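> with the sequence up front, the predicted model follows.
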Amino acid sequence: MNVHFIAIGGSAMHNLARALHEKGEQVTGSDDAIYEPSRSRLQEKGLLPKEEGWFPDKITTSLDVVILGMHAKPNNPELLRTQELGLTIYSYPEFLYQYSQQKTRVVIGGSHGKTTITAMILHVLHYHQREVDYMVGAQLEGFDTMVHLTAENEFIVLEGDEYLSSPIDRRPKFHWYQPNIALVSGIAWDHINVFSTEEKYKEQFRVFMDSIVHGGILVYNEEDVHVKELAEATQIPIRKHEYRSLDYEVIDGQTYLTTSEGPLPVAVFGAHNISNLAGAKWVCQHMGIDEEDFYEAIASFKGASKRLETVYKSSDRVLYKDFAHAPSKVKATTHAVKNQYPNRSLLACLELHTYSSLSSQFINQYKGALSQATQAVVYYDQEALSLKGMKAIEAEDIKKAFNHPFLQVFTNAKDFHQYLFQQQCQNMCLLMMSSGNYGGLDWDQFTSYFKR
């Protein structure tokens, strides 16, 4: 198959390009900006475009498929040429669906936890040498790529994202997959630039649940009121299996699950992650892994990249990096760290980076999200607001929205970095949360400082 990627440099797109290359397909691509780690990973496989930009002459009738990424615009020159020639155009999720129609599709959805739950399932299957195809939104320990495709595997495990499929396909990605087994972990309003109200956002999950193949299985978190409401309301002929968080305790910074075989130490922690673990357990059971085997495998699961990732840990300090940016994720992550280390001070730093988090309409959703932090910091770039054409947000608006008595707000990256390098780190938990890069923070340099 001859496949061309428009916007090959995206996190998901470059991983799919690598996966198809590994299968022996002919892969080409273009992009007007390719950053690390995509650049090195494409170069490693000989897939890095010779020069950045859009080149309509790359689009010829010899192509079997053109895969269109979200980074491209509807007037992209290569897309216009593809349409002119009448070639087959797929969005990323549409291609995965077309590819997997003869497989059992396991799709993990939810506003929060979907990457971690998908990672847990893949870790357990990998531990027990059960081969499956997959697509997950983070790099996992023991896995070379975030996408793996074969002709022979029975199952494909997909992280189900509710964001849009492509510039010309405004459907959420997870509406494409038509799962045989689906999980929904939680629903908390996000992506305000696309779903202007909470009800419109919730509606996407109703559509997802109703897209489950008849006779399929819905595993859902009954402790989330929105998930429970939608799951109980769906009338399609499927089996429903609710789950709730498992029992656990924390002793001297170590989390233990309560199991029939006694306390089981696990590396992940926090109420939200124990809930994620419960959901993963039931999905694995529906895929043929019994409870005992699940627990044996999950004990060695260390988490997905940037999901409560331990950057440094010693007897008197710990530094975590987390992808959290939506209010519910920030709150859950901050609570998790404080509950794990109740006797240590917690400095929680959040970068407001996404469209939703920088919206003056949405900012009040963060009320109480950092309440468990001893000290709290919010950093955002005023220039980013200007570039996105958004209304300016004042520091006082941020303080009022978060409602934390010791919140500090930075809008200048240099000032924010200087603040971090002035911290006395003894007996501290430092939690860094962002889907961005913290204003270009040099992680190696800061980690060295934190260790002193």
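Received, thanks. Bear in mind that the values here come from a model prediction, so they are computed numbers and not experimental data. Numbering: from 1, shown residues only.
> every contact and neighbour count from this point should use C-alpha atoms.
Will do.
> now Lys313: closest residue in space, sequence neighbours ignored.
Spatial nearest neighbour of Lys313, chain neighbours left out: Leu319 (6.4 Å); criterion: Cα to Cα, 6 or more residues apart in numbering.
> middle-most residue in the protein, spatially?
The centre of the chain sits closest to Thr115, judged by Cα atoms, centre = their mean, with a distance of 4.7 Å.
> all helices of the stretch 51-200 of the chain, in order?
When secondary structure is read from DSSP state H, counting those that start in this stretch, the stretch 51-200 of the chain shows helices at 77-85, 92-99, 114-127, 198-210.
> can I get the ones you listed in TSV including mean pLDDT and distance to Asn180?
Listed next are the helices of the stretch 51-200 of the chain as TSV, based on pLDDT from 0 to 100; distance: least, Cα to Cα, whole Å:
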stretch	mean pLDDT	distance to Asn180
helix 77-85	98	32
helix 92-99	96	12
helix 114-127	95	15
helix 198-210	96	11
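> which among these is found nearest to Ser260?
Checking those against Ser260 by Cα to Cα gives helix 114-127 as the closest, at 19.0 Å.
> who touches that closest one?
If you take Cα atoms under 8 Å, 6 or more residues apart in numbering as the criterion, helix 114-127 is touched by 108, 131-132, 136-138, 140, 157-160, 185, 273, 276-277, 279-281, 283-284, 289, 294, 297-298, 301, 303-304, 307.
> excluding covalently adjacent residues, which one is nearest to Asn276?
Taking Cα to Cα, 6+ apart, and ignoring the residues beside it in sequence, Asn276 has Ile117 as its nearest neighbour in space, at 5.5 Å.
> how many neighbouring residues does the one you found have?
Other residues lying near Ile117 total 29 when counted by other Cα atoms under 10 Å.
> for the protein, which spans come out with low pLDDT?
Along the chain, the model assigns pLDDT under 70 to residues 355, 387-388.
> domains of it?
Recorded structural domains for the chain (assignment: automatic domain parsing) are 2-87, 95-298, 309-451.
> Glu141 versus Lys302, what's the distance?
Computed as Cα to Cα, to the nearest Å, the Lys302 to Glu141 distance reads 8 Å.
> which of these two has more neighbours?
Higher neighbour count among Lys302 and Glu141: Lys302, with 20 against 14, using other Cα under 10 Å.
> ok, and the closest non-adjacent residue to that one?
Leaving aside its chain neighbours, Lys302 sits nearest to Ala267 (5.5 Å; criterion: Cα to Cα, 6+ apart).
> who's in contact with the one you found?
If a contact means Cα under 8 Å, 6+ apart, then Ala267 has Gln254, Thr255, Ala299, Ser300, Phe301, Lys302, Gly303 as its contacts.
> related to what we said a few turns ago, quick one: the residue nearest to Lys313 from Leu431, how far?
Using Cα to Cα, Leu319 is found at 6 Å from Leu431.
> between these two, point out the one with more neighbours.
Set side by side, Leu319 and Leu431 show unequal neighbour counts under other Cα under 10 Å, the larger going to Leu431 at 25 against 21.
> what's the following helix or strand after the host helix or strand of that one?
For Leu431, the host element (DSSP states H and E) is strand 428-433. Helices and strands here follow DSSP H and E; after strand 428-433, the next one along the chain is helix 443-451.
> for that next one, which helices and strands make contact with it?
Under the contact criterion of 3 or more Cα pairs under 8 Å, 6 or more residues apart in numbering; DSSP states H and E, helix 443-451 touches strand 309-313.
> next structured bit after the strand it packs on?
strand 317-322.
> now find how far off-centre that following strand is within its chain.
In terms of Cα atoms, centre = their mean, to the nearest Å, the centre of strand 317-322 is found 18 Å from the chain centre.
> direction included, what does it pair up with?
Here strand 317-322 is paired, per DSSP bridges, with strand 309-313 (antiparallel), strand 428-433 (parallel).
> dump the C-alpha coordinates for the shortest one into PDB.
Listed in PDB are the C-alpha atoms of strand 309-313, where the atom choice follows Å, rounded to 0.1, in the frame of the first residue of the first chain:
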ATOM      1  CA  GLU A 309       5.800  10.400  36.100                       C
ATOM      2  CA  THR A 310       8.500  10.300  38.800                       C
ATOM      3  CA  VAL A 311      11.300  12.500  37.600                       C
ATOM      4  CA  TYR A 312      13.300  12.200  40.900                       C
ATOM      5  CA  LYS A 313      12.700  10.600  44.200                       C
END
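> how big is the angle separating it from helix 443-451?
Direction vectors for strand 309-313 and helix 443-451, defined by axes from the mean of the first three to the mean of the last three Cα atoms, to 10 degrees, enclose an angle of 50 degrees.
> before we move on, back to that, just the ones of the contacts of Ala267 in helices?
Secondary structure defined by DSSP state H assigns none of the contacts of Ala267 to helices.
> just curious, which of those residues is nearest to Ile6?
For Ile6, the closest of the contacts of Ala267 turns out to be Gly303, at 31.3 Å, with distances computed as Cα to Cα.
> contacts only, for that closest one.
If you count contacts by Cα under 8 Å, 6+ apart, Gly303 has them with Thr116, Ala119, Met120, Leu140, Ala267, Val268, Glu309.
> what's the burial count for the second one?
Same thing as Ala119. Quick note: Ala119 (other Cα under 10 Å) scores 29 neighbours.
> what sits against Val194?
For Val194, no residue counts as a contact, taking Cα under 8 Å, 6+ apart as the criterion.
> so how far is the strand holding Leu431 off the chain centroid?
19 Å.
> check stretch 53-71 too.
What separates the centre of stretch 53-71 from the centre of its chain is 27 Å, taken as Cα atoms, centre = their mean.
> identify the residues contacting it?
Applying Cα under 8 Å, 6+ apart, the external contacts of stretch 53-71 come out as 1-8, 10, 13, 30-33, 76-79, 81-82, 85, 87-92, 95, 164-167.
> still on that earlier bit, quick one: which of the contacts of Ala267 has the most company?
Counting neighbours by other Cα under 10 Å, Gly303 leads the contacts of Ala267 with 24 neighbours.
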